[in-house]
Structures are given as C-alpha cells and as structure tokens.
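[1] Need the 3D shape of this:
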Amino acid sequence: MNRELTKILKTVYENTGIDVLLYASDGSFIASATGRTFFRPVKLSFDTVFTDTESHRTHFKLYYKTDRLFGEIEGDGAVAANYAYMLSNLIENMAAREGNLSKEEYAKRILLGDCSGADVHKFKIKYAVPELPFYVLAVRSGQKIAEVLNISAQYVTNGVDFAVKIGERECVIVKFIEDDGEYQSSADFAFFLANSMYEELGLRVEIGVGGTFRRFEDACVSYQQAATALRMSSVFGSKGNVHTYREFILIKMLEDIPEGKLGDYLSVLLDKEAKELLRDEEMVNTAEEFLENSLNVSETSRNLFMHRNTLMYRLDKIERVMGLNLRKFSDAVTFRIITILFKLVK
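    From the prediction side, this is the model:
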C-alpha cells in the first residue's frame, strides 16, 4: 500500500508542488512525496478538514480503497483548507484509478458518508441502482460475522438489494421496496432475518432499522439511523433483538440538547433522594416493566414473578420520592423522560 500511495503523492507533488503527508487511522506515518515526515501528534477527531494554527498545518480525511487515512499539508489559512478539500478528492480519485473499488468497498464508503454526490451517482449508474424506496438494516453480532453476512446475502437475491460488511461485528443490508414485496414493513423483514440467523446459525443478532428513503443519496442517513438504533438499544437496555430508529426518536431529540442544559432540567426535576432512587437498578427496572405492560399491575407482577403487594410498594415509593404516580399516564410519561435524561447525563 505504501508504494502505491507514494507513487500517487509524487504525482500530486509534480502537478501541484504540494507535499502531502499521509497517516493511518491510528496516527502512524505512512508516506509522503519527498520522504519528509512530520512527527507532531496528529489530531484525528475532526469532521473533514482541521486547521492547526499552532503548528501552521492543515489536516484532512480521505479514503484509500476501504482504509480511512489522514492527510497533512503546510499552511493554516482558508487557502490551505481549500487545498485540503481539493487534495482529498484528487488523491481518492487517483487511488480509485490505481485500483478499482469493488461494489462492496464502494457501497461501504457511501453508507459511511464518505462519498460525494457525484460518486454516489456513478455508483447508481455502474450498478443499476433502481429508483425505488429503500431502507438500511445494521446487523450486529458478537461472532461469526462472515457467516452472518453469508446468510444475509441469501435474502438479497433479487439483483438490487445488497449486503456489506462494515466492521468486525457488523454488516449492513440495503433493502429496496418492490410493489410485490412479501414483507409488510422494514421491521417485519428485520424480525424474519433475526429469526433466520438464530435457526440457521444459532446466533442471536441485534438489528437496527433505519428510515425509508426514496433517494439513494440518503443511504448514509438511513444507515446512521440504523446504527443509532443499535447504540440506543444498548445504552437503554431495550428488550428484543430488533430496534427501529422511530422507537428512539424522542431519546435522539433529547440527546441533541447540550448536556449542560439537560443537567439544568434534571436539577429542577430531581432532588438528592430522587437521584438515589434512579440509581437503584431493581427499582427502575420494575418501573420500566410496569410502563412496558401498559400500566397493568397484574401483567407486570406475572412477568416479574413478583407479588402484587411488592409491586405496589415500589410504585408507592416512587410516588413518595419523586411525586409521580405511575398509574397515571401523564406521570408515567414524565417518569420515562426523566429516566432518559438521567441516563444521558450520567
């Protein structure tokens, strides 16, 4: 890889006079046109371009095949930033010519949001992507991801759907919705897929379901939503193995509020005793099960194998400490929002 990249960087240097230094995703040096290296620690946590006024250097992200790399050039002004954007596209295009991306590699970059609109359009033309609505599923497994990918591929045999490996524990399915489709909804297909994984591999996978879109240019948005659903399900301990983005839209809205503001809200809603109660995992799990069972005392007692009087005692304690009667729908909603805020701020 280093030899190919050095060749590309020398071509860039000959045509632009700019010496680009390239680093791997872990910050280790890879190549430059002149053999020069810069040993200052590389900042990796930025969106596309980062200008370091202290070192008078500009950093930018790019992709070489499926590897995310970081480029660096001299200068820290607006001109250097514009050069960084240009060089990112130039090096990526030259790399693509050096070795054509496979469909899987190309699709992975689109899903991760690392392709321009022009690149997405080229993909649509090259692989005859249909003008149909679609959605993205993110399938996560702790093991056997190659087998999970193979099983997934068995259910995308209509010539337009496709499955892509994203990481060591995750693959993605892009599913187009046809008029004669056999699944009623994206969640319906996700449940079918999860059951198939269990029956054929004995694996319990987690599946995040993104929103449905009509423009393939929005594939990265649907994937981000599916990945968010998986992340939220882990944070909030959601039951089941299929999680849709729509389930977590309220949580996502609250998450987008600055953490300092969330803390202000909690300080109004909770005193010290209430915060201690929310740290009691058994108490909170009891309350959430009660909410899951539509505020039904008998159903909750059965599901928790708990005596009815014990359940009532815990509900009464929540009311005494927090002033919320969970038997009332409005108070139950307030309690749910408070628990979300508490977990987001922790």
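
[2] Return the residues in contact with residue 124.
    Residue 124 makes contact with residue 216 under the criterion Cβ atoms under 8 Å, 6 or more residues apart in numbering. No exception for glycine: its C-beta is placed from N, CA and C like everyone else's.

[3] did I read that right, it in a strand?
    No - Residue 124 sits outside any strand when classified using DSSP: H, G, I helix; E, B strand; the rest coil, being helix.

[4] quick one: it from residue 245, how far?
    24 Å (Cβ to Cβ, to the nearest Å).

[5] What distance do you get for the residue located most distally from the centre of the chain to residue 301?
    Here the centre of the chain is the reference, and by Cα atoms, centre = their mean the most remote residue is residue 309, at 42.4 Å. According to Cβ to Cβ, residue 309 and residue 301 sit 9 Å apart.

[6] Regarding residue 204, what is its secondary structure?
    Residue 204 ends up coil, using three-state DSSP.

[7] Looks like it contacts residue 240 (just checking).
    No - Residue 204 lies out of contact with residue 240 (Cβ atoms under 8 Å); the separation is 10.5 Å.

[8] quick one: the helices in the stretch 201-346 of the chain?
    219-235, 249-255, 259-269, 272-278, 281-292, 297-304, 308-322, 329-345 (DSSP state H, counting those that start in this stretch).

[9] Highest mean neighbour count out of the ones you listed?
    helix 219-235 (a mean of 21; mean count of other Cβ atoms under 10 Å).

[10] I'd like to know which elements it is packed against.
    helix 103-111, strand 134-140, strand 170-176, strand 206-209, strand 242-244, helix 249-255 (3 or more Cβ pairs under 8 Å, 6 or more residues apart in numbering; DSSP states H and E).

[11] Output the below-cut-off pLDDT ranges for the stretch 51-200 of the chain.
    65-66, 95-100, 157-158, 180-182 (pLDDT under 70).

[12] how about the strands of it, start to end?
    Listed in chain order, the strands of the stretch 51-200 of the chain (DSSP state E, counting those that start in this stretch) span residues 57-64, 67-74, 134-140, 162-165, 170-176.

[13] For those strands, give me a markdown table that also has distance to residue 210.
    Formatted as a markdown table, the strands of the stretch 51-200 of the chain follow (distance: least, Cβ to Cβ, whole Å):
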| stretch | distance to residue 210 |
| --- | --- |
| strand 57-64 | 22 |
| strand 67-74 | 22 |
| strand 134-140 | 4 |
| strand 162-165 | 14 |
| strand 170-176 | 9 |
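
[14] how about those in a markdown table, adding mean neighbour count and distance to residue 189?
    Output for the strands of the stretch 51-200 of the chain, formatted as a markdown table (neighbours: other Cβ atoms under 10 Å; distance: least, Cβ to Cβ, whole Å):
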| stretch | mean neighbour count | distance to residue 189 |
| --- | --- | --- |
| strand 57-64 | 21 | 30 |
| strand 67-74 | 19 | 30 |
| strand 134-140 | 25 | 8 |
| strand 162-165 | 20 | 13 |
| strand 170-176 | 23 | 6 |
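
[15] These: which one's closest to residue 47?
    Nearest of the strands of the stretch 51-200 of the chain to residue 47, taken as Cβ to Cβ: strand 57-64 at 7.9 Å.

[16] could you give the angle of the closest one to strand 67-74?
    150 degrees (axes from the mean of the first three to the mean of the last three Cα atoms, to 10 degrees).

[17] Kindly export strand 57-64 (C-alpha atoms) in PDB.
    Written as PDB, here are the backbone C-alpha positions of strand 57-64 (Å, rounded to 0.1, in the frame of the first residue of the first chain):
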ATOM      1  CA  ARG A  57      -0.600  22.900   9.300                       C
ATOM      2  CA  THR A  58      -3.900  21.600   7.900                       C
ATOM      3  CA  HIS A  59      -5.200  18.000   8.200                       C
ATOM      4  CA  PHE A  60      -7.900  16.300   6.100                       C
ATOM      5  CA  LYS A  61      -9.600  12.900   5.900                       C
ATOM      6  CA  LEU A  62      -9.600  10.700   2.800                       C
ATOM      7  CA  TYR A  63     -10.200   7.100   1.800                       C
ATOM      8  CA  TYR A  64      -7.700   4.800   0.100                       C
END
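
[18] Contacts for that strand, please.
    Residues from elsewhere that reach strand 57-64 (Cβ under 8 Å, 6+ apart): 1, 5, 38, 40, 42-43, 46-52, 68-76, 80-81, 83-85, 87-88, 91-92, 95, 109, 114.
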